[in-house]
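A.B. asks: Here is the input, now give the coordinates:
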Amino acid sequence: MPRFPEIAATASTTRGAVYSTVAARLAAHRGETYPLHIGDTWLEPAVGCRMEDLLSAEIEGLHRYAPVAGHPLLVEAICRTVEKRGGPPTGPENILVSAGATGALAAAAAALVDPDDEVLLLAPYWPLIAGIVHQARGRPVPVPVFAGEVDSVPALIAACDARASERTVALYLNTPNNPTGRLLPRPWIEALVAWARSRELWILADEVYEDYVYRGEHTHTRPLAPERTFAAHSFSKAYGMAGNRCGYLLGPADAIADARKIAAHTFYSTPTAAQIAAARVLAGPGEAWIADARRRYAEIGDEAAARLGTRAPAGSTFLFLDVAEHLGPAGLRGLLETCADRGLLIAPGPSFGPYPTHVRICFTSAPPEVVRRGVETLARLLGR
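C.D. replies: Here you go, the predicted model:
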């Protein structure tokens, strides 16, 4: 029990810098920098959907609170989008508009997880999900899958079985995957859904890279198990609106009602201007913007993978490399420091689970010509 000046263990033991611990070394670097450590895009949002396009004289209530559940214009647009994509019946009662997909998953976790409950995380995983489960007083349990640990449905289910316990309440999966760029095949997702149903588990489906598939086809999880699935979606990743902090959560009406309670006591409501911009992009230029971005992302992703000698990404905006053979006495931190001394920031593998010899790069976080030079810097350090 913390007493002044101590703080709660949940806060003090949560990791702060999840992507890079050597960013401060850039202060001593003179020259171009290559920020490949964070998942973002160099592209601006579609014309007509940027903050500069929103005028308070034309939009009533632009600077007022939106409802906790979401602005009616955006909620309606999300319902249409889900229907267009072949999702299960979805009404306003199934939706929580959130402060990014981060807010969506945090609200879902807080609604599901009691102290000491466990959530299985298919790993490598998006780094913030482990902290989100931890802050909900739960225990994140990695299930290594995406870095080649399993190669079949039976192996996948066996890996989940081996790590499940009586305290397991939910399964988290992210496909297309951050950080590996892998895509879970439909039979794998169907098997995971059946397994979760057999154990009466909730499912947290992180769908934020659903629009960025270059090889294969993305399978949405929620249509397979709408009664137990929370699905998180992101305008940050889909439409280049990361700074707007707008995403949404889909799920069963009763569970969404409880997630809304969490939202009301944390971020309260998502920025109104961000929701208006999101509604506009869904109603207008969104599909064309995604198609153009997908083409650009695929091109630079394939190029980066070829230069680094790794498999081209099936989706998302990342490459995940095992650099064990290039680590000296200083280990992974030594490599990260050497990269930073050359202006290159990359994300350390342990941020994504039990991967002490891996690194992740984002090939969309800067303009392609900058990414190419950053990738070239890394390739030379790795002798490739």
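A.B. asks: I'd guessed Ala205 sits against Thr219; true?
C.D. replies: No - the pair Ala205 / Thr219 is not scored as a contact, 10.0 Å apart, by CB atoms under 8 Å. Yep, even glycine has a C-beta here, placed from its N, CA and C like the rest.
A.B. asks: Next up, the contacts around the residue nearest the centre of the chain.
C.D. replies: Nearest residue to the geometric centre of the chain (CA atoms, centre = their mean): Trp126, 5.3 Å. When contacts are counted by CB atoms under 8 Å, 6 or more residues apart in numbering, Trp126 touches 174, 178-179, 206, 352.
A.B. asks: ok, it to Leu183 distance?
C.D. replies: According to CB to CB, to the nearest Å, Trp126 stands 15 Å off from Leu183.
A.B. asks: Doesn't Leu321 lie inside a helix?
C.D. replies: No - read with DSSP: H, G, I helix; E, B strand; the rest coil, Leu321 is strand and lies in no helix.
A.B. asks: I figured it hits Tyr355, correct?
C.D. replies: No - using CB under 8 Å, Leu321 is not in contact with Tyr355; the gap is 10.2 Å.
A.B. asks: and Asp211, how many neighbours?
C.D. replies: Per other CB atoms under 10 Å, the neighbour tally for Asp211 reads 22.
A.B. asks: could you say what helices and strands the longest helix seen in the chain packs with?
C.D. replies: If you go by DSSP state H, the chain has its longest helix at helix 286-308. With contacts taken as 3 or more CB pairs under 8 Å, 6 or more residues apart in numbering; DSSP states H and E, helix 286-308 sits against helix 235-239, strand 318-322, helix 368-381.
A.B. asks: I'd like to know which helix or strand in the protein has the lowest mean pLDDT.
C.D. replies: helix 9-12 (a mean of 86; mean pLDDT, DSSP states H and E).
A.B. asks: then that one to PDB, C-alphas only?
C.D. replies: Provided in PDB are the C-alpha atoms of helix 9-12 (Å, rounded to 0.1, in the frame of the first residue of the first chain):
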ATOM      1  CA  ALA A   9       3.400  -0.500  -8.000                       C
ATOM      2  CA  THR A  10       1.200  -0.700 -11.100                       C
ATOM      3  CA  ALA A  11       2.500   2.700 -12.200                       C
ATOM      4  CA  SER A  12       6.100   2.400 -11.000                       C
END
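A.B. asks: Please name every helix or strand in contact with it.
C.D. replies: Short answer (3+ CB pairs under 8 Å, 6+ apart): helix 9-12 packs on helix 127-135.
A.B. asks: Next, the residues that contact the helix it packs on from outside, please.
C.D. replies: So helix 127-135 is contacted by 10-11, 13-15, 18-19, 102, 105-106, 109, 113, 119, 121, 139-140, 172, 174, 204, 206, 347, 351-353 (CB under 8 Å, 6+ apart).
A.B. asks: what about burial for those residues, which qualify?
C.D. replies: Buried members of these, scored by 16 or more other CB atoms under 10 Å, are 18-19, 102, 105-106, 109, 113, 119, 121, 139-140, 172, 174, 204, 206, 347, 351-353.
A.B. asks: Let's see which of the residues you listed end up in helices.
C.D. replies: Per DSSP H, helices hold the following members of the buried ones among the contacts of helix 127-135: 102, 105-106, 109.
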